[in-house]
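>>> show me how the following folds:
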Amino acid sequence: MTADSARGKTPLFLRLANLSLLILYPIAWFAPLLRAGLLPIFGLSEISVLTGLQSLWDSDIVLALVVTAFALFAPYLKTIGLALVQFHLLDARSLPVLNILGKLAMADVFLIALYITLAKGISYATIEVAWGMYLFTACILASILLSILTDRQIKRESAAGQ
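So this is what the prediction gives:
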């Protein structure tokens, strides 16, 4: 088998799963990550990635830039880059850089979890994790898994082409 005939054999399910993240990420950004409020009797406000970013832009621009990079740009750029690799429009040697972008996106989930843990330690605050947190985390983890599977597939293609 030649290198040319091995090209384009990235399985369709890997491509479709990765492309689906381009739709799922924006949904996760608007979905409620958590519900927070003072004391259970006052009701809870839903907080999403975007509403959290809005409040950060009002209070701390530097932190807002960092969180925007981690929560929005890193995972989306990684997904686009991985799609380009899967469709052989970007060299597979870019995968290590794309994996770093995926790890930066996972850092955002860690920060949110840390904030939830800290807030739960305050006795007068109520925090509930909402479905958006699970969706956002699943998107990040799926992206990492798809990178690993794509890397393995590309190595198989290269080995078959030699």
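>>> flag the shaky bits of this protein, pLDDT-wise.
Per-residue confidence for the chain (pLDDT under 70) gives these ranges: 1-8, 38-43, 108, 110-111, 113-124.
>>> can you give me the strands for it?
Counting by DSSP state E, the segments of the chain that form strands are 32-38, 45-48, 125-129.
>>> with respect to Leu149, which of these lies nearest?
strand 32-38 (27.1 Å; CB to CB). All C-beta atoms are positioned from the backbone trio N, CA, C, and that covers glycine.
>>> run me through the strand neighbours of that closest one, direction for each.
In the sheet, strand 32-38 lines up against strand 45-48 (antiparallel), strand 125-129 (antiparallel) (DSSP bridges).
>>> check which residues of the first one are buried.
Of the residues in strand 45-48, those buried by neighbour count under the rule 16 or more other CB atoms under 10 Å are 47-48.
>>> so which residue is dead centre in the chain?
For the chain, the residue nearest the mean C-alpha position is Ile140 (3.3 Å; CA atoms, centre = their mean).
>>> so that residue touches Ala107, yeah?
No: counting by CB atoms under 8 Å, Ile140 stays clear of Ala107, with 9.7 Å between them.
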